[in-house]
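Asker: fold the following and give me the result.
(one chain, ligands or ions: 1)
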Amino acid sequence: MPLNVRFYAIRLLLAAALPGIFSACAPAHHQKLLDLTHDFGQETIYWPHNKRFQWEKTDWGMTPAGYWYASANFSASEHGGTHMDAPIHFGRERRTIDQIPLEQLTGPAVVIDVRSRCSGNPDYELTVDDVTAWEAQHGRIQDGTLVFMLSGWGSRWSDPTSYLGSMTPDDPHSLHFPGLSREAAELLVSQRAVRGVGIDTASIDPGRSRDFPVHRLLNEANIYALENVAALEQLPPRGATVWTLPVKIKGGTGGPVRIVAVLP
Ligand SMILES: [Zn+2]
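Answerer: The predicted model follows:
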């Protein structure tokens with residue numbers, strides 16, 4: 001093939017291939033994204049006696065050299081605000097937060113809406129019937145799904161008295177908010193291979209729990225939990241892809257997580 005013809009052929013090939021390459025790499029602007037994360041600040045709710053979010057500016061202004069410079073320090077418990085519980089939280093020798101495979105952090109998500117049952121009962125626990133009723137309407141929960149329980153408690157954020165269901169929210173034995181039942185957790189762990197479970201309350205176990213069976217069941221099976229999830233009411237019952245990317249603390253038992261849904 002003469003050189004100029006070969007160049008022409010290569011140009012033709014590139015012209016055909018490049019748009020495909022770019023459409024695969026470029027951000028898909030038609031996709032609707034939803035942030036399921038509360039911001040971190042002074043109002044952020046933490047579990048009783050856990051270190052709250054602290055943020056202090058160390059630099060904030062024009063330098064003598066004439067350029068702007070801003071920086072700050074932060075510290076907090078791993079378990080507060082919108083966060084992930086790594087399997088080691090309640091599962092001995094299970095994965096720490098940095099060890100959770102990326103494949104487990106992205107994939108399909110479903111929302112089981114039990115707001116009507118929770119509204120009059122702050123101690124409501126998601127039942128096996130709630131899960132099977134959802135499946136009768138929307139289809140069986142597929143392997144690798146992230147299951148969200150929507151209690152409606154997200155609208156109480158960030159008033160600790162209302163959100164934690166107690167006039168003494170610093171007392172862990174006084175809390176009342178919805179969570180999962182042990183039986184529902186058993187179903188999701190042993191009969192559906194879920195990749196994670198999330199909720200719009202402070203804990204996947206209901207507030208009045210003393211021995212945290214849901215945490216123990218999930219974490220023992222290397223399944224993570226997401227707590228204090230925001231804006232769940234805007235997520236469809238099924239069809240969304242959800243990314244949950246926690247801070248990668250080496251050996252961490254949990255940590256703040258940014259949760260982003262790609263809506264169908
Ligand atoms: Zn936690």
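
Asker: once you drop chain neighbours, what's closest to whichever residue of the chain sits closest to the ion?
Answerer: Nearest residue of the chain to the ion: His79, at 3.4 Å (CB to the ion). In this view, the C-beta of every residue, glycine as well, is placed from N, C-alpha and C. Among residues not flanking His79 along the chain, Gly254 sits closest, at 5.2 Å (CB to CB, 6 or more residues apart in numbering).

Asker: Asn73 - that's part of a strand, no?
Answerer: Yes. Counting by DSSP: H, G, I helix; E, B strand; the rest coil, Asn73 is part of a strand.

Asker: that one contacts Asp59, doesn't it?
Answerer: No. Assessed by CB atoms under 8 Å, Asn73 is found out of contact with Asp59, at 10.5 Å.

Asker: what segments of the chain are strands?
Answerer: Residue ranges of the strands in the chain, as given by DSSP state E, are 33-35, 54-62, 68-75, 83-85, 106-113, 125-126, 146-150, 179-180, 196-199, 224-227, 240-246, 254-262.

Asker: average model confidence for the second one?
Answerer: The average pLDDT within strand 54-62 is 98.

Asker: so which elements touch it?
Answerer: strand 68-75 (3 or more CB pairs under 8 Å, 6 or more residues apart in numbering; DSSP states H and E).

Asker: strands paired with the strand it packs on, and their directions?
Answerer: Next to strand 68-75 in the sheet, as set by DSSP bridges, lie strand 54-62 (antiparallel).

Asker: I'd like the distance from the strand it pairs with to the chain centre, please.
Answerer: Offset of strand 54-62 from its chain centre (CA atoms, centre = their mean, to the nearest Å): 29 Å.

Asker: please export the C-alpha coordinates of it as PDB.
Answerer: Written as PDB, here are the backbone C-alpha positions of strand 54-62 (Å, rounded to 0.1, in the frame of the first residue of the first chain):
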ATOM      1  CA  GLN A  54     -14.800  18.800  64.200                       C
ATOM      2  CA  TRP A  55     -13.500  21.200  61.600                       C
ATOM      3  CA  GLU A  56     -11.200  24.100  62.200                       C
ATOM      4  CA  LYS A  57      -9.700  26.500  59.700                       C
ATOM      5  CA  THR A  58      -5.900  26.700  59.900                       C
ATOM      6  CA  ASP A  59      -5.500  29.200  57.100                       C
ATOM      7  CA  TRP A  60      -8.100  31.400  55.400                       C
ATOM      8  CA  GLY A  61      -7.000  34.500  53.600                       C
ATOM      9  CA  MET A  62      -4.500  36.400  51.400                       C
END
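
Asker: which residues does the nearest residue to Pro48 once chain neighbours are set aside contact?
Answerer: Spatial nearest neighbour of Pro48, excluding adjacent residues (CB to CB, 6+ apart): Pro172 at 4.4 Å. Under the criterion of CB atoms under 8 Å, 6 or more residues apart in numbering, the contact partners of Pro172 comprise Trp47, Pro48, His49.

Asker: in a markdown table, list those along with pLDDT and neighbour count.
Answerer: Output for these, formatted as a markdown table (pLDDT from 0 to 100; neighbours: other CB atoms under 10 Å):
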| residue | pLDDT | neighbour count |
| --- | --- | --- |
| Trp47 | 95 | 20 |
| Pro48 | 94 | 16 |
| His49 | 95 | 9 |
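
Asker: those residues also near the ion: which ones?
Answerer: Filtering the contacts of Pro172 for proximity to the ion by CB under 5 Å from the ion leaves nothing.
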